[in-house]
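Enquirer: sharing a model prediction with you, sequence too.
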Amino acid sequence: MTDTKVTDTKGIEIKAKDTQEKDTQEKDSQDETDQHARPKTILPEHVTITPQETPNPFAWKFILNFPVKNEGKATLHSSLEWPGSPLVADLFQLPGVRQLHLFQNVLTVTHSGELDESELIDQVSAVVRTRLAVHNPDFSSQAEAATQERKRREGLSAEILQIEEILDRTVRPGLQSDGGDIEVLSFENDEVKILYQGACGGCPSSMSGTLDAIQSILSHELGLPSLQVTPI
């Protein structure tokens, strides 16, 4: 009877130890997940902002530690394109702000130069810190009514889809890293019409060096020496 009792006790102790270790591991895992989760309430002190220049002298990129757009991207030219957003409304209230581009955790602000760089950075940062708490990164702007990139591409011709895939491999990653993007509008008679987005809109290099690079890459990959790329 004594031996049996000791064995059972050891068995209970081992089981209890295993359970405790499992609970500790689960708690540690949950703590690690919580550290990366979006807090229920975002306070200004929670927000970190890294301003970066772009090739466009009139556009600044702000990298945040929270997303501003979970899926897809949005280019806005007015607060009317996303009514009811305090973040968008207040950013467009800043002197000289002409365009906002939201992509993942990056906000790109294009301006007229009315504010100098330090003033623009300070004022944009102040708005972001105080309005991010009520920002919905899952929003769909009116300009996105046609919706996500995947659905847009489903209706493209084989030729335009090929061009989009070439840009995905070559030019687009660099443009996105600078707070911009590009959309192919049409392809007819060896002419590709494109639309620059974000920091690329109005950037001097987008009308010279970048445009030349896009035209050279597409001409080579499509085997069309006479191909022309026209920004709209």
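Expert: Yep, that arrived. Numbers count the residues shown, from 1 in each chain.

Enquirer: avg pLDDT for stretch 182-192?
Expert: The average pLDDT within stretch 182-192 is 91.

Enquirer: hmm, I typed the wrong one, I wanted stretch 43-53.
Expert: Taken as a whole, stretch 43-53 carries a mean pLDDT of 93.

Enquirer: first-to-last residue distance for that stretch?
Expert: Start-to-end span of stretch 43-53 (CA to CA, to the nearest Å) is 26 Å.

Enquirer: determine how far it lies from the middle of the whole chain.
Expert: Offset of stretch 43-53 from its chain centre (CA atoms, centre = their mean, to the nearest Å): 15 Å.

Enquirer: can you point out the buried residues in it?
Expert: 47, 49, 51 (16 or more other CB atoms under 10 Å). In this view, the C-beta of every residue, glycine as well, is placed from N, C-alpha and C.

Enquirer: which residues touch that stretch?
Expert: When contacts are defined by CB atoms under 8 Å, 6 or more residues apart in numbering, stretch 43-53 is touched by residues 39, 60-66, 121, 124-125, 128-130, 132-133, 179.

Enquirer: of those residues, buried ones?
Expert: Buried members of those, scored by 16+ other CB under 10 Å, are 60-62, 64, 66, 121, 124-125, 128-130, 132-133, 179.

Enquirer: of those, closest to Pro231?
Expert: Gly179 (17.1 Å; CB to CB).

Enquirer: isn't that closest one up against Leu102?
Expert: No: contact between Gly179 and Leu102 fails when scored by CB atoms under 8 Å: they sit 10.1 Å apart.

Enquirer: which residues do those two both contact?
Expert: Common neighbours of Gly179 and Leu102 (CB under 8 Å, 6+ apart) are Thr108.

Enquirer: show me where the chain has strands.
Expert: Using DSSP state E, the strands found in the chain span residues 49-53, 59-64, 69-76, 97-104, 106-111, 180-188, 191-198, 228-231.

Enquirer: please pull out the lowest mean pLDDT helix or strand from this structure.
Expert: helix 2-36 (a mean of 45; mean pLDDT, DSSP states H and E).

Enquirer: low-confidence regions, this protein specifically.
Expert: For the chain, the stretches flagged by pLDDT under 70 are 1-40, 140-152, 202.
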